[in-house]
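Colleague: Have a look at this prediction, sequence included:
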Amino acid sequence: MNPMRTVLLLASTPALLLAQGVDRTHPPRLPPSPALHLPPVQTARLPNGLEIAVVEKHEVPVVDVSLLIGAGSVRDPANLPGLATFTAAVLQEGAGRRNSLEIADEIGYLGARLFSSASYDAATVSLHVPKRQIGPALDLLADVVLRPTFPDSEIARQRDLRRSQILQQRDQPVAMASIAFSAIVYGATHPYGRPLNGTEVSTAALNRDRVAQFYQAYYRPNNARVLVVGDVTLPEARALLARRFGGWAAGDVPAVEEMAAPAAAPRTIYLVDKPGAAQSVFRIGEVGVSRATPDYFALTVLNTILGGPFTSRLNQNLRETHGYTYGANSQFAMRKMPGPFLAASSVVTAKTDSSLIEFMRELRRIRDETVPAAELDKAKAYITLRLPGQFETTAGAAAQFRELFLYGLPLDYYASYIPQLNAVTAADVQRVARQYLDPDHFAIVVVGDRSQIASGLEALHEGPIVLRDLWGQAVP
């Protein structure tokens, strides 16, 4: 192309765009938040106490079934962390007349997906299946939930697999930081302070008897709820589930002991030595709030500004402005009991001390300065404009509605979600920042090469440096 023609085209581009009604000198204005219209949650209960909830979505002939059971790791014996997650994992390793391979083959034949896992607060067995295969798929789900066989060979195989995974964590600084942070903030006596998947010692103690005892104690219909989302009605779902789960025997379920987290210590840097590490992994925070907090919406806006999306303050500072990391973020991990607040990143070793300076600057600034109106509006728009998309698929809708049952929220919770979030003010954000973020009592966990980073961290005078191991325990 003629160079002169290129110059003329470039020079005329703004005029062309303006003539077309496009002004690229300013970011586009976000549209107002759309109204969120969701189908109602309909409920029923079987005689054995099993609660059923149905959300109809008939656009696509698929169904998602989620069985929530109060069998999360908060139920683990103090000396056997990892039992809940292990029990959930081996449900599919033999059930009814099928072995693990036959279960996998049947899932594939039905065009379905079946998962079983446990978090801190609950175990979940979820099924995604085409509507035309719902009967056989529920037969399989019922076998997995009601008739697991826990074969000794599969228990041994899964135990060896888990031990290998735990050993591998010693070479995974990100995993090390998360485990150490929880142990330091909550302590060994609190269920949130123990690793979800246990330790080498607790894993070695797992056997069929312990798994079966845990299953018998907590896998009961009066300790469970079923959520069905998709191309199905409440009468259909009730009939299908009653046929397969109506004979599930109810029983007494031990109560979960509500435990208070230990009092926060003065701000301290906990250093986990990883010789030769190319990066330093940060976990900075403290005990936060439960999901039931009345400040949920203000905290959601606060965290969106601080460390949620790519444009959040932490990421823009540490990644875009300074180039210390590929990403930095923060979160309030809200659970039934108060979960942790934490800010996190993996930074280049040479900039460990500089990164901590920027972390603390942002964590203090969100408390000390009022959030500008434009930044507040952008954060609220980011949350509200994303919300409808999270209900587009049956699987996405199931994930959102599961929260209602897991945390005891009102069934019409999402009807007022957007108005409540849009009502959050800058004063609300600063109030919750000052109430729930206390930099004077942060636990600053750093996994990295001690020989390269200790002196720089010490020079910052952000707190004493204490050596800890992978499990958050003191190192002599």
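Modeller: Everything's here; your move.

Colleague: So which residues make contact with the host helix or strand of Ser354?
Modeller: Element membership for Ser354 (DSSP states H and E) is helix 352-368. For helix 352-368, contacts defined as Cβ atoms under 8 Å, 6 or more residues apart in numbering pick out 280, 282, 284, 302, 305-306, 313-314, 317-318, 322, 324-325, 328, 343, 345, 347, 429-430, 433-434, 437, 439, 442, 444, 446, 448, 452-453, 456-457, 459-460, 462. The C-beta positions use only the backbone N, C-alpha and C, and glycine is treated the same way.

Colleague: Quick check: buried residues in that helix?
Modeller: Neighbour-count burial for helix 352-368, with 16 or more other Cβ atoms under 10 Å as criterion, is recorded at Thr352, Asp353, Ser354, Ser355, Leu356, Glu358, Phe359, Met360, Glu362, Leu363, Ile366, Arg367.

Colleague: Next: stretch 305-315.
Modeller: Across stretch 305-315, burial judged by 16+ other Cβ under 10 Å covers Ile305, Leu306, Gly307, Gly308, Ser312, Arg313, Leu314, Asn315.

Colleague: In helices, which of the residues you listed appear?
Modeller: Residues from those lying in helices, with DSSP state H as the criterion: Ile305, Leu306, Gly307, Arg313, Leu314, Asn315.

Colleague: wait, which of these is closest to Glu154?
Modeller: Set against Glu154, the nearest of these by Cβ to Cβ is Gly307 (40.5 Å).

Colleague: Am I right that Ala212 sits in a helix?
Modeller: Yes: under DSSP: H, G, I helix; E, B strand; the rest coil, Ala212 falls within a helix.

Colleague: Could you measure from it over to Pro191?
Modeller: According to Cβ to Cβ, to the nearest Å, Ala212 and Pro191 sit 21 Å apart.

Colleague: Pick out whichever of those two has more residues nearby.
Modeller: When neighbours are counted by other Cβ atoms under 10 Å, Pro191 comes out ahead of the other of Ala212 and Pro191, with 22 against 15.

Colleague: In contact with that one, which residues?
Modeller: Contacts of Pro191 (Cβ under 8 Å, 6+ apart): Ser73, Val74, Asp76, Tyr120, Met259, Met337.

Colleague: Quick check: which of the residues you listed has the minimum pLDDT.
Modeller: Note: of the contacts of Pro191, the lowest pLDDT belongs to Met259, at 87.

Colleague: what's the pLDDT at Leu9?
Modeller: For Leu9, the pLDDT comes out at 43.

Colleague: now swap in the one 5 residues further on and tell me
Modeller: In the predicted model, Pro14 carries a pLDDT score of 54.

Colleague: try Thr25
Modeller: Thr25 carries a pLDDT value of 76.

Colleague: Is it part of a helix or strand, or is it coil?
Modeller: State at Thr25, reduced to three classes by three-state DSSP: coil.

Colleague: quick one: Glu51 and Val228 touch, right?
Modeller: No: with contact defined as Cβ atoms under 8 Å, Glu51 does not reach Val228; the gap is 11.5 Å.
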